[in-house]
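In: I would like to see how this sequence folds:
(chains A and B)
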Amino acid sequence: MLEIKELSKSFNRKTALDNVSFTVPEGQIFGLLGPNGAGKTTLIRIINRIIQQDQGNVFLNGKLLTEKHLQQIGYLPEERGLYRSMRVIDHLIFLGQLRNLSRSDARKNAQLWLDKWEIGDWANRQIESLSKGMAQKVQFIAAVLHDPDLIILDEPLSGFDPVNVGLILNALKTMKSEGRTIMLSTHNMKSVEDLCDRAALIYRSQKIAEDTIWNLREQQKAGEYSIRFKGNMIAFANALWTGFELVEKSEIGPERFIATVKMRGEKSINDLLEALMHQIHIEAVEERFPSMQDVFIQLVKGKEVSHEE
Amino acid sequence: MKNSWIIAKREFWERIGNRNFRWMLFLGPLTFLLLLLWLFKAGDEGKKHLKVLIADPVDLLEQKIVANEGKAVSYYFIGDYLEIEEFRDGDKYKEFDALIEVNEKVLMNKKVFVFHREQPSFDVKTQLKFQLERRVEEVLIESFTNLSVDVFRQIKQPLNVDFRNVYDPKNEASNTEGYVGLTFGLLILSFVFLFGMAILRSTAKEKSNRIVEVILASVQPKDLMLGKIIGIGLAALVQMAVWSLFIGVGLWGFRAFLFPDLFAPENWEGIQVSGEVQQQMLEETLRGRYNAFVELVYERIQFASMLGHTVLFFIASYLFYGAFFSSIGAMSGTESDGQQFVLPLLGLMGIAVYCGFMAIYLPESSLVAWAQFVPFTSPLVVLVKVAKGYPVGTYYYVILALIIQLLSAWVLLWVAGRIYKNGILRFGHQTKWKHWFQWVRN
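Out: Here you go, the predicted structure:
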């Protein structure tokens, strides 16, 4: 769907993007991750042709991205505004027209979205009279009003209350199920885990990782297992002996614990179960995967260490 | 260009929908008409009718001033000296508005005092002065010459040395017309400045509330800039058209209902003159008698031509200066930041006004010859020259000046487009002149 190829961009000798490449497959939700100032917004602006890259290309459906492709893209920037003196419906029609919709289609689509979110009676309200949350809903509708194939959202959840976060997440899931491609730039790692199929991590202008969410977490796992059991903790610790390491433990009831165990050497989960099963009553075992938050921190820290070296 | 038009429409309707704009559509011309009315009436302030007592102890004037007195001044005579204090305080003189003392010395020193209680209107003053002068002149002729009044007055006419331009031998153009041109030129600059500031503020506002990034995802920066300039410019043209219409109707109304007999000399009562000499004297006096401003507005301004040129040069100047205003708006880090950069523009406008004055007083100077083609100054200089009248065969100067200004506007819009592209997404920085040059190059 979207292919970013060797993109570079500098502002007055300061590099914002350095040879960044990745692919966003069609019909998936793609997370664009990275700390502040990494170059995510620059990248998004280049895709939206707001600024021009110094080097590299952007392809949409295999074709070099041109101005006419902008009609297929919906964009919700991180710092988004509205014309405060306009009515909600006029504002949406105006932005719809800029995205090549006819006036009547823009009005129809706007009303459809407003009704879908049960805010149809806001249509004639002045934007300055809306609360922050209400204004954000209007901004989101403006981004998807023209029925785009590719939707780029820069921090779409920032500032939303939990109810509205749910509303937006559901909307994104629905759009994905309709076959649309979504690129999501966010610091909300929970939403990346819940929503995204793939992600790329940008750090100091460069891409340092790109894969499916599952693979990214898999790559960063530490070989730890969480075990819930009934029995004696001393017996449990003795059973581990030298082949395993007790990382942490917590008592959840009388003689009931959850412990995290890390493998040592070539030991496997079968070896662990064999060592424990005669000492305690195992209730559940689960391999521990790092959260995307952990993945993010580990990748960034790892890059920082190599950068300092 | 389609997107520019959508943006232009939004800008246009935002202004038209603004309550202050709609109020100004009516308040502007109303204020202007009231000011005009005040100026029309300024020459006509004071007492409209004067009852004058002439103290003539030596019966110099033989108890007459003019054959038929008009409504404006009535003369009464007293054959004795009268002290000012007695006239001022005496009950029997209360009915008189003014006292004139006339004695034999008047014939030698040609000095007459008119002591009035209340300031007479300019109109009444001129009439009294004219009538008294004529009467004293008749006494002088009778006392010192054997000539007839007609012959004396013919001899008395001074040699009129009149400097005239070889290209304007009938002296159709004058400084007064030049000031009319300057007024229209200033109108252009005022509109350009007011609506140029609207471009600046609108650009800076879109930056500060961050809507600009949403817009730029669909529109090229130069299209956004052009749309903004066109939309605000259309609102300015609407305001100009509505103002012209209201002012035109107002002027017609003034003439139809407030001073219908303005230019009918037969209505100027009291002066019984005949013959060519008297007519010449009358015409000279007419200029002083009637409010010159009224005459200028109704008789000497070529409204159709001036309005046509004003609109054309407004469009060209607006595009030219508008490019500056929009680039300042795009450069600015905050909404108020850019306004300090307007000062140099004001300086340029000041130079334009200076050149406009030069075009009135030194129309043939080389400064004016060049300034009519310089885009900064041409709206003022050309409008002054149009009002004064371009010499036959040189009207192509106007067309040339307009073309130069439109071409300059096109170049500047291109430059402003580059600044717009580079500056519109920079927020919160301190605006510096170096950005202007840096962003033009990038």
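In: give me every residue that touches the residue of the stretch 201-309 of chain A found nearest chain B.
Out: Each residue of the stretch 201-309 of chain A has a distance to chain B, by CB to the nearest CB, and the smallest belongs to A:S205, at 18.0 Å. No exception for glycine: its C-beta is placed from N, CA and C like everyone else's. Remark: with contacts taken as CB atoms under 8 Å, 6 or more residues apart in numbering or on different chains, A:S205 is in contact with A:15-18, A:20, A:38-39.
In: Which ones, among those residues, also lie beside chain B?
Out: The subset of the contacts of A:S205 within reach of chain B, by CB under 8 Å from any CB of the partner chain, is empty.
In: closest to B:I100 among those residues?
Out: Taking CB to CB as the measure, B:I100 sits nearest to A:A16 out of the contacts of A:S205, at 90.4 Å.
In: and the closest one, how many neighbours?
Out: If you count neighbours by other CB atoms under 10 Å in any protein chain shown, A:A16 ends up with 23.
In: What sits closest to it if chain neighbours are left out?
Out: The spatial neighbour of A:A16 that comes closest, neighbours along the chain excluded (CB to CB, 6 or more residues apart in numbering or on different chains), is A:T42 at 4.2 Å.
In: next one: stretch A:257-275 to chain centre, how far?
Out: Using CA atoms, centre = their mean, to the nearest Å, the mean C-alpha position of stretch A:257-275 is found 32 Å from that of the whole chain.
In: Give me the contacts around that stretch.
Out: A:222-229, A:231, A:233, A:236, A:239-252, A:282, A:285, A:287-288.
In: give the contact list for whatever residue of the stretch 51-200 of chain B ends up closest to chain A.
Out: Of the stretch 51-200 of chain B, the residue with the smallest distance to chain A, taken as CB to the nearest CB, is B:A198 at 13.6 Å. For B:A198, the residues meeting the contact criterion (CB under 8 Å, 6+ apart) are B:15, B:232, B:235.
In: which intervals of the stretch 201-350 of chain B have sub-threshold pLDDT?
Out: Across the stretch 201-350 of chain B, the ranges flagged by pLDDT under 70 are B:258-300, B:335-336.
In: Enumerate the residues of it near chain A.
Out: Contact residues (CB under 8 Å from any CB) of the stretch 201-350 of chain B with chain A: B:206, B:209-220.
In: Restricted to buried residues, select those residues in ChimeraX.
Out: Only the buried members of those end up in this ChimeraX selection, burial being decided by 16 or more other CB atoms under 10 Å in any protein chain shown:
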select /B:206,210,211,212,213,214,215,216,217,218,219,220
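In: farthest-separated two in the residues of the stretch 201-350 of chain B next to chain A?
Out: Of all pairs drawn from those, the widest gap by CB to CB lies between B:N209 and B:Q220 and measures 20.4 Å.
In: coming back round to it: A:S10 is in contact with the residue nearest to A:A16, correct?
Out: No: using CB atoms under 8 Å, A:T42 makes no contact with A:S10, being 9.8 Å away.
In: Neighbour count: the two, which is higher?
Out: Just comparing A:T42 and A:S10: by other CB under 10 Å the higher neighbour count belongs to A:T42, 23 against 15.
In: State the helix or strand in which that one lies.
Out: Take DSSP states H and E as the rule and A:T42 turns out to sit in helix A:40-47.
In: can you pull the buried residues of that helix?
Out: By neighbour count on 16+ other CB under 10 Å, the buried set for helix A:40-47 is A:40-47.
In: For chain B, state which of the residues you listed is nearest.
Out: Checking these against chain B by CB to the nearest CB gives A:R45 as the nearest, at 7.5 Å.
In: Grab the nearest non-local neighbour of the closest one.
Out: Setting aside the residues directly before and after it, A:R45 is nearest to A:I51 in space (CB to CB, 6+ apart), at 4.7 Å.
In: Mind checking what secondary structure the closest residue to A:I252 other than its chain neighbours has?
Out: Beyond its immediate neighbours in the sequence, the residue positioned closest to A:I252 (CB to CB, 6+ apart) is A:I258, lying 5.8 Å away. Taken by DSSP: H, G, I helix; E, B strand; the rest coil, the conformation at A:I258 corresponds to strand.
In: so A:N57 sits in a strand?
Out: Yes: according to three-state DSSP, A:N57 belongs to a strand.
In: Strands along chain B, start to end?
Out: If DSSP state E is used as the criterion, the strands of chain B fall at B:50-55, B:73-78, B:98-101, B:114-116.
In: Just send these back as TSV, with distance to B:I247, mean pLDDT and mean neighbour count too.
Out: Shown next, in TSV, are the strands of chain B (distance: least, CB to CB, whole Å; pLDDT from 0 to 100; neighbours: other CB atoms under 10 Å in any protein chain shown):
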stretch	distance to B:I247	mean pLDDT	mean neighbour count
strand B:50-55	35	89	20
strand B:73-78	35	88	17
strand B:98-101	39	90	21
strand B:114-116	36	90	17
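In: I'd like those as JSON lines, with distance to A:S191 appended.
Out: Below are those laid out as JSON lines (distance: least, CB to CB, whole Å):
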{"stretch": "strand B:50-55", "distance to A:S191": "92"}
{"stretch": "strand B:73-78", "distance to A:S191": "94"}
{"stretch": "strand B:98-101", "distance to A:S191": "94"}
{"stretch": "strand B:114-116", "distance to A:S191": "91"}
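In: just to revisit the earlier point, run through the neighbouring helices and strands of the helix holding A:T42.
Out: Here helix A:40-47 touches strand A:2-11, strand A:14-24, strand A:29-33, strand A:150-154, strand A:181-185, going by 3 or more CB pairs under 8 Å, 6 or more residues apart in numbering or on different chains; DSSP states H and E.
In: Name the surrounding residues that touch it.
Out: With CB under 8 Å, 6+ apart as the contact definition, helix A:40-47 has outside contacts at A:2, A:4, A:7, A:9, A:16-17, A:20, A:32-34, A:51-53, A:58, A:65, A:73, A:75, A:77-78, A:152, A:154, A:183, A:185, A:202, B:213, B:425.
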